[in-house]
Every structure is written in structure tokens, then in C-alpha cells.
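Visitor: coordinates for the following, if possible.
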Amino acid sequence: MVKLIQQFASCCRAAGLRISTSEVLDSLQQLKLIDPTDELQFQSLLRANYAKSLRDLQHFDRLYHLFFHEMRVDMGDMEQAAQWTDQIRKAAELLKQKPHDNPVYDTVLDFMAGNPMPLLAEMRRIQMEQDDQPSPVRFNFGPLASRFNVLMQITAASKAASRLIEDNYFKVGPQTLRNLQAHFDERLNAARSILMYEPRPGDQGTRKVKTYEQRMKDLGEKSFSSFTHEEVEEMREAVDKLVRKLKNIVSRRFAVRDRGNLDVKKTLRASAKYNGVPIDIQYRRKMLRKSRIVTLCDVSGSVWAAARFMLNLLFSLQDCFDKVNSFVFIDQLTDVTPIFEEHEISEAIRIIMEASDIHYDAPTDYGETLRHFKRDYMDLLTKKTTLIIVGDARSNYMHAEDAILGQMRDRCRRVIWLNPEPENLWGTGDSEIMAYTHHCHEVRPCRNVNQLVAFIEELVL
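Guide: Predicted coordinates for the structure are as follows:
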């Protein structure tokens, strides 16, 4: 363990992190206070000692993953893992012995053998390199040539390793050869990644500031199903700002009371207990009504992306409604209202995704969902209720039971269907959206955040 930490400290120094001998000694002493086999504790200990600032955290995490994960042979059989490590090192030594005249080639082979320090030092040198030739215009030809040289040596090492595997130098079976080739490719790809996207202190931690309008313009028209994890997080910030804006508008509606037309009768009655002095002025107010919301969300496939945003928005805005009841379904209905009331939204969505009574592999059945709702939850629908259904209405050629939706419409204030599918596909194949449309007050596309936000604003305001 001592040698391993010393090697890691050396790699960090080669990559530009400032680590003193006392910090290495501190980390070794602190190993007695933790369980070194617990990676979270081990990584936290090293990060606390080696990362001096927030700018260094991203750099440290990249180096930690490179050294302790990408450069290690992760296998359950330790004896076989040690044997493969020896074979990789022997292959690197053999390739070094072949005629070549480029020191960077040896650096790449060292990286392939499991020692990243020389390559990290070379990348650090390239970062600091400058063109010493005096010239009225400064170019970066020197660093570019050095980076191109590293790329050429990585390619040369890859070809040499492939030839070694083809010749079966180690006299092993086909499966072992494939595994060795995979390890060679993995490590050389890591070397290319360092060359193309070498970590620099703080570069990944820099926040790219965008206004709310810019976020909505960039991502608002993008389909839910094509969002990456980073885009989901970025859009969540913009949606949170919208939620705060809508809440403020609704709260002002209920907070502003002493405005409007004078109500003479109420003013005289209120002032009577003071014998008319002073006058307690009363105004005519139109009572604002909070509606109740019932949502049925299809959580199959790409429809779940739209349903997730819908549930997120509704429960963020539940102060604007009297009551929000939510159900999810694929082949049967599941009441998730208690989950959202007892947990934070992200945790609630995680629980729903792991729920055992939601059959994510089952074919979608809208007919069975409507039958289940009629049997157990019809009392939730009143003349104050807005029923929102999020789904593509594709029922896998099963009975649509659209008549039940007609009965649900008769009991509630409004029925709104949000369809995440492109409109040109509505009514094709097993889509029953045309049958359901006759029983809805409104059917609207909901393929992106802009369309969903426009609907929520109309619903709340």
C-alpha cells in the first residue's frame, strides 16, 4: 500500500499537482483511521490531502480514475490477474527492444505496461512548451508538433502490439489473446484520451453561465428522449427558475386583497362596530379557485422522459393546486402520490423506477389502465378536477376502452391529453389517439420542454 500511494503521488506530481512529502506521510498515517478496502473512504482520504483547492478536484479525480482503474487489471482471480499484468509488461519490454529512435515511443509503451508517469510528464511538458524562435507573430507550431508526435507513437505502439498478438508470442489460447488485445486497446485509448483532452487544473469545473432564455432556446426544442444526463441537469435549473416565477405569480394573486372595486354594503357592516369611525373599507373580490389535478402517466420507453418532466413540474407547483394525485402505468395502474408526498422529487422518481409492481418489460395496455381507474379511483374526479394523461396512446392492438374515458370526462372539469409522439404518427399502427380525442377537451403535442412549459403556464395562470 505504501508503494502504491508513493507511485500515485509521483504520477500526480508529473501531471502538475503540487504534493509535498509531508502530505504523502500524512496520508499514510491516516490510513490507520479508515478501512483501505472501502474505496470511498480511500479516495476521500487522498483527495483531502492532495487536492488543494476546488480547481484541483477535477484534475485529481481524473488522475485517480486513471491510476487506480484504467491502469489496473480488474479480475476476480488474483493469480490470473498477476499473470496478465506480467504478460503486458513483458510485451512492452519486448516492443522496447525492437529498433526505434523516438523516446516518446518508450513513454507510450510504459503507459501501456501500467506506468502512466512518463506520459503524464510528457503532456505536462507540452503544456508548458513555448516556441523559442524570435518572430513578430507567435505560433504554437512547437506544441502542435509535439502532440502530433505523441499521436504517431501511440499509433505505432498499437500496430506493434497487434502484430505481437497475431504472432501469438506468449503461446496462449484464443480467448487469452482476445483479452490481451482488449487490454492493449483500452490502455492505448486512454493514452489518446489524455492527449486529446488532457486534464488541466480547473478546466472542467469552470461554469458556463447561460441565462434562462438561452437555456430554453438551446434545449427547449430538443426532444425529451434525446436528452443526455448533463442536459437534463442543465434544463432542470431552467425549469426550477420557471417554477419559482409561477409560484410568485400565484402567491401574489392570493396575497393582494385590498384592491379592486369598493363594496359599499360590506364596508358599512364592517364599520358598524366602530360606529362608523374609522371606516373599515372593504373591496369586492373574486374568489380564486385552485383546481385539483389527477395525472395518468405512461412510463414505457421514451414516453417516460416526458412523464418524468411532467411529474417533476406538477409536484414542484403543488402549492398552486388543492390536490395533486399521480398515477403511472404500463400494463396496470400504480398510485405514486404517497411516494411524491413523502420524498424529494429526484428520490421519488428513483423509487418509482425501481418499483417491483411496475412491469417495465410488459406491453402497454391503455384499456386495462382505464378499467383499473374506473374500478378503484373514479371518486377522485369532480367538477374541480383537471385530468391530465401523458402518453402516446399506443395500446399494442388491445381494446382501447375509450368509452371509459368518456365517463371520466363527464365527471371532471377538463380532460387534457399530452402526446410526446410526433403528430404525423398519430393514428398510425396501434395508436388509439384518434379514438381518445373525441373524449378530451384538449389534445396537444408534448415532445419538448417548450411545449410542456407552455401547457404548465396555461394550467397555472
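Visitor: the nearest residue in space to Ala161 that is not next to it in sequence: neighbour count?
Guide: Distance criterion Cβ to Cβ, 6 or more residues apart in numbering; nearest residue to Ala161, sequence neighbours excluded, is Phe184 at 4.4 Å. Yep, even glycine has a C-beta here, placed from its N, CA and C like the rest. Applying other Cβ atoms under 10 Å, we find 21 residues neighbouring Phe184.
Visitor: Phe184 contacts Met112, doesn't it?
Guide: Yes - between Phe184 and Met112 there is a contact under Cβ atoms under 8 Å: 6.4 Å.
Visitor: which neighbours do those two share?
Guide: With contacts taken as Cβ atoms under 8 Å, 6 or more residues apart in numbering, Phe184 and Met112 have 88, 91, 161 as neighbours in common.
Visitor: part of a strand, is Leu46?
Guide: No - counting by DSSP: H, G, I helix; E, B strand; the rest coil, Leu46 is not found in a strand; it is helix.
Visitor: show me what contacts it?
Guide: Counted by Cβ under 8 Å, 6+ apart, Leu46 has contacts 5, 8, 27, 60, 64.
Visitor: same thing but 10 Å
Guide: By Cβ atoms under 10 Å, 6 or more residues apart in numbering, the contact set of Leu46 is 5, 8-9, 12, 19, 23-24, 27, 30-31, 60, 63-64, 68.
Visitor: repeat that for Leu94.
Guide: Leu94 makes contacts with 109, 160-161, 164, 169-170, as judged by Cβ under 10 Å, 6+ apart.
Visitor: and Arg244, how many neighbours?
Guide: Neighbours around Arg244, by other Cβ under 10 Å: 11.
Visitor: can you tell me the SS state at it?
Guide: Arg244 - assigned by three-state DSSP - is helix.
Visitor: how far does the helix or strand that contains Leu387 sit from the chain's center?
Guide: Taking DSSP states H and E as the definition, Leu387 sits inside strand 385-390. Computed by Cα atoms, centre = their mean, to the nearest Å, the chain-centroid distance of strand 385-390 equals 27 Å.
Visitor: tell me what that strand is packed against?
Guide: Counting by 3 or more Cβ pairs under 10 Å, 6 or more residues apart in numbering; DSSP states H and E, the packing neighbours recorded for strand 385-390 are strand 292-298, helix 303-316, strand 323-329, helix 366-376, helix 402-411, strand 414-419, helix 449-460.
Visitor: if we use 6 Å, what do you get?
Guide: Packing partners of strand 385-390 (3 or more Cβ pairs under 6 Å, 6 or more residues apart in numbering; DSSP states H and E): strand 292-298, helix 303-316, strand 414-419.
Visitor: okay, those in JSON lines with mean neighbour count next?
Guide: Listed next are the helices and strands packed on strand 385-390 as JSON lines, based on neighbours: other Cβ atoms under 10 Å:
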{"stretch": "strand 292-298", "mean neighbour count": "23"}
{"stretch": "helix 303-316", "mean neighbour count": "22"}
{"stretch": "strand 414-419", "mean neighbour count": "22"}
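Visitor: how near is Glu354 to Leu180?
Guide: 38 Å (Cβ to Cβ, to the nearest Å).
Visitor: quick one on the thing from earlier: can you flag the buried ones in the contacts of Leu94?
Guide: Among the contacts of Leu94, those that count as buried by neighbour count (16 or more other Cβ atoms under 10 Å) are 109, 160-161, 164, 170.
Visitor: show me what the strand holding Leu387 is in contact with.
Guide: Contacts to strand 385-390, defined as Cβ atoms under 6 Å, 6 or more residues apart in numbering, come from residues 291-297, 306-307, 310, 412-418.
Visitor: ok, stretch 358-367 next?
Guide: Outside stretch 358-367, the residues touching it (Cβ under 6 Å, 6+ apart) are 300, 330-331, 334, 395-396, 398-401.
Visitor: now with 10 Å, please.
Guide: Outside of stretch 358-367, the residues within contact range by Cβ under 10 Å, 6+ apart are 296, 298-301, 303-304, 328-332, 334, 336, 352-353, 371-372, 389, 391-402, 404-405, 430, 432-433, 435-436.
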